[in-house]
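Participant: with the input below, show me the fold.
(chains A and B)
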Amino acid sequence: MAASTDVVIIGAGVVGAACAFYCSKAGLDVTIVERGPIGGGTTASCEGNILLSDKEPGPELDLALLSSRLWTEIAEEIGAHRLEYQRKGGVVVATSESTATALRGFAAHQRHAGIESVDLSLDDLIELEPNVTRAAAGGAFYPQDSQIQPMLATAQIIRHVRRTGARVITGTSVTGFARGRDGAITAVRTDSTTQPTIPARWVINAAGTWAGQIADMAGAPIPVLPRRGFILVTEPLPEVVHHKVYTAEYVANVASSDAGLETSVVVEGTRAGSVLIGASRERVGFDRTMSLPVVRKLAAQAVEVFPFLADVTLLRTYLGFRPYCPDHLPVIGNDPRAPGLIQATGHEGAGIGLSAGTGLLISQIIIGASTAIDLQPFRPHRFEEVAAR
Amino acid sequence: MSGTSKATIQFSFDGVALTAVEGQSIGAALIAAGHRSWRTTRINGAPRGIFCGIGICFDCLVTVNGRPSRRACLIDVQPGDVVVTQEGAGHADLAG
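Facilitator: Next up, the predicted model:
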């Protein structure tokens, strides 16, 4: 029987790490239980985006603004270089006059909600990104957009919380929960022979795209589904892409519910020199099959934005499964169907960016503080309310 | 060698004319000509040449006919190839 802990966090991805960071900060005793290795799920197969530029005013933006601020604090506390945190800014490219007009309207709308942006003429655009296509009509610059190396950052945050006393158990799956007479969760059961039961006051479900399985075990189902995304990796290059660069069509796709393939290119450099080209979106379940048509389409779109990429070699591709809910909002908060269970998943393709705020909010729930933003839109049982209507 | 005579190919390395045997890789031809390195690393500028020799390690990258990051161990020399030492990522023209 393992020692009792205040909080068990299920999942050592970026969301679990952020929850551990803020719970530890709040003085709570934390144990992380992870089925695989640290940062080995969706955290290991994304791009590390901390974006505001793609958000529309609404609850997700409130969470993104909070998170964006918190990431600067985390970078300061742990060391920006340790996370490869770069506040490099985002550049959105409009490929036609009509898109440029729509983008200017969208950016103005966002400015009212607290997102900084500057409209760009073609000349401005070329000054920021000298290698960009001359066929662009203009664009917008978003100085708050940032980037981390997601696996590195997750590992660094977990190392940080370990030093302050948190325990991390990897290679161990959660198999169920013990409940008290009042129905509240009292312990987490695992497949570990040495720690088959971990008593805890609170359990945080940060299992990402696989959080639905954990929620089912607790009798508090949430409709989290996988959305597949491919990312292409080029050979190392000098600094050829300076910001996060994407086409205005990306914004339309992020908010889409279409089951079919959507691609809208996002291009960014990395400290290692490789340029990353994302990101496709397909609802095909947990299918890991390589898809040449998707890769071709992404590559072609990247070449449209940065023509020099036509002569650059791709080294490899990777894919990940983004956890999404039908209303495209994350699931964050106490779950009244399983007292003691706090859900923290459903961040879709924005999990890196939104993790910091999620971690802080959950620590505030646990210590009974007022939360930094309204959690009502993220409540875990909202899908049952819809079904009951 | 026993009787079978293979054609000799002309190519150049850093502006100097060299010869290779038909079917010989660029890496093999450069080593035969006494060269051990034909690339510098991106960060520290250290010299690099053949390491694994079988296309796995990407250490032997070189610029061939203007195209950087070709694996010298895998590409056969073609007549008239212009091979030059690759500095770093070899895409200096794109920086800016």
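Participant: secondary structure element for the closest residue to chain B within the stretch 201-350 of chain A?
Facilitator: Using CB to the nearest CB, the closest approach of the stretch 201-350 of chain A to chain B is made by residue A:238 at 3.9 Å. In this view, the C-beta of every residue, glycine as well, is placed from N, C-alpha and C. Under the criterion DSSP states H and E, no helix or strand holds residue A:238.
Participant: how about the residues of chain A near chain B?
Facilitator: Within chain A, the positions near chain B by CB under 8 Å from any CB of the partner chain are A:130-131, A:235-240, A:273, A:308, A:311-313.
Participant: which among those residues end up buried?
Facilitator: For the residues of chain A next to chain B, a neighbour count by 16 or more other CB atoms under 10 Å in any protein chain shown gives the buried set as A:131, A:235-238, A:240, A:273, A:308, A:312.
Participant: rebuild those as TSV, extending it with distance to residue B:13 and pLDDT.
Facilitator: As requested, these are exported to TSV (distance: CB to CB, whole Å; pLDDT from 0 to 100):
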residue	distance to residue B:13	pLDDT
A:131	30	95
A:235	22	91
A:236	23	90
A:237	24	92
A:238	23	89
A:240	27	93
A:273	25	90
A:308	26	95
A:312	24	91
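Participant: all helices for chain B, in order.
Facilitator: B:26-32 (DSSP state H).
Participant: in whichever helix or strand residue A:64 is part of, which residues are buried?
Facilitator: Assigned by DSSP H and E, residue A:64 belongs to helix A:59-78. Neighbour-count burial for helix A:59-78 flags A:59-68, A:70-72, A:74-75, A:78 (criterion: 16+ other CB under 10 Å).
Participant: equivalent analysis for stretch B:30-50, please.
Facilitator: B:30-31, B:35, B:38-40, B:42, B:48-50.
Participant: next: stretch B:58-76.
Facilitator: Across stretch B:58-76, burial judged by 16+ other CB under 10 Å covers B:59-64, B:68-73, B:75.
Participant: pretty sure residue A:99 is touching residue A:139, no?
Facilitator: No - counting by CB atoms under 8 Å, residue A:99 does not reach residue A:139; the two are 9.4 Å apart.
Participant: intersection of neighbour lists for those two?
Facilitator: residue A:248 (CB atoms under 8 Å, 6 or more residues apart in numbering or on different chains).
Participant: of the two, who's got more company?
Facilitator: Comparing residue A:99 with residue A:139 by other CB atoms under 10 Å in any protein chain shown, the one with more neighbours is residue A:139, at 31 against 20.
Participant: contact partners for residue A:204?
Facilitator: A:7-10, A:16, A:19, A:23, A:342-344, A:362.
Participant: quick one on the thing from earlier: could the buried residues of stretch B:58-76 go into CSV alongside distance to chain A?
Facilitator: What follows is the buried residues of stretch B:58-76, written out as CSV (distance: CB to the nearest CB, whole Å):
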residue, distance to chain A
B:59, 13
B:60, 14
B:61, 9
B:62, 13
B:63, 12
B:64, 13
B:68, 8
B:69, 5
B:70, 9
B:71, 10
B:72, 15
B:73, 16
B:75, 13
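Participant: among those residues, which one sits closest to residue B:22?
Facilitator: Of all the buried residues of stretch B:58-76, residue B:75 has the smallest distance to residue B:22: 13.4 Å, by CB to CB.
Participant: is the closest one in contact with residue B:25, as I believe?
Facilitator: Yes - at 6.3 Å, residue B:75 counts as touching residue B:25 under the criterion of CB under 8 Å.
Participant: what's the burial count for residue B:57?
Facilitator: Neighbourhood size, residue B:57 [other CB under 10 Å]: 14.
Participant: count the neighbours of residue A:186 for me.
Facilitator: 17.
Participant: how about it, secondary structure?
Facilitator: Using DSSP: H, G, I helix; E, B strand; the rest coil, the structure places residue A:186 in strand.
Participant: wait, what's in contact with the residue of chain B found nearest chain A?
Facilitator: Closest to chain A within chain B is residue B:95: 3.9 Å, counting by CB to the nearest CB. Applying CB under 8 Å, 6+ apart to residue B:95 gives the contacts A:238-240.
Participant: thinking again about what came up before, closest to residue A:162 out of the buried residues of stretch B:30-50?
Facilitator: Using CB to CB, residue B:42 is the member of the buried residues of stretch B:30-50 that sits closest to residue A:162, with 33.0 Å.
Participant: ok, and the closest non-adjacent residue to the closest one?
Facilitator: residue B:88 (4.2 Å; CB to CB, 6 or more residues apart in numbering or on different chains).
Participant: what about the one you found, distance to residue A:240?
Facilitator: Relative to residue A:240, residue B:88 is positioned 13 Å away (CB to CB, to the nearest Å).
Participant: what of residue A:232?
Facilitator: 15 Å.
Participant: does residue A:353 count as helix, strand or coil?
Facilitator: helix.
Participant: what score does the spatially closest residue to it that is not a sequence neighbour have for pLDDT?
Facilitator: Nearest non-adjacent residue to residue A:353, counting by CB to CB, 6+ apart: residue A:50, 4.1 Å away. Per-residue confidence (pLDDT) for residue A:50: 96.
Participant: next, residue A:50: phi, psi?
Facilitator: In terms of degrees, to the nearest 10, the main-chain angles of residue A:50 are phi -120, psi 90.
Participant: contacts only, for it.
Facilitator: Applying CB under 8 Å, 6+ apart to residue A:50 gives the contacts A:67-68, A:71, A:145-148, A:352-353.
Participant: same check on residue A:4?
Facilitator: Contact analysis of residue A:4 by CB under 8 Å, 6+ apart lists A:198-200.
Participant: what about the residue nearest to residue A:353, distance to residue A:352?
Facilitator: In terms of CB to CB, residue A:50 sits 6 Å off from residue A:352.
Participant: find residues that contact each of these two.
Facilitator: Common neighbours of residue A:50 and residue A:352, using CB under 8 Å, 6+ apart, are residue A:148.
Participant: which SSE is residue A:212 in?
Facilitator: Secondary structure from DSSP H and E places residue A:212 in helix A:211-217.
Participant: that helix - contacts with which helices or strands?
Facilitator: Helix A:211-217 is packed against strand A:174-179, strand A:197-205, strand A:341-345, with contacts defined by 3 or more CB pairs under 8 Å, 6 or more residues apart in numbering or on different chains; DSSP states H and E.
Participant: would you mind listing what in chain B touches chain A?
Facilitator: So chain B meets chain A at B:42, B:67, B:69, B:88-89, B:91-92, B:94-96 (CB under 8 Å from any CB).
Participant: make it 7 Å
Facilitator: Within chain B, the residues that sit near chain A (CB under 7 Å from any CB of the partner chain) are B:42, B:69, B:89, B:91-92, B:94-96.
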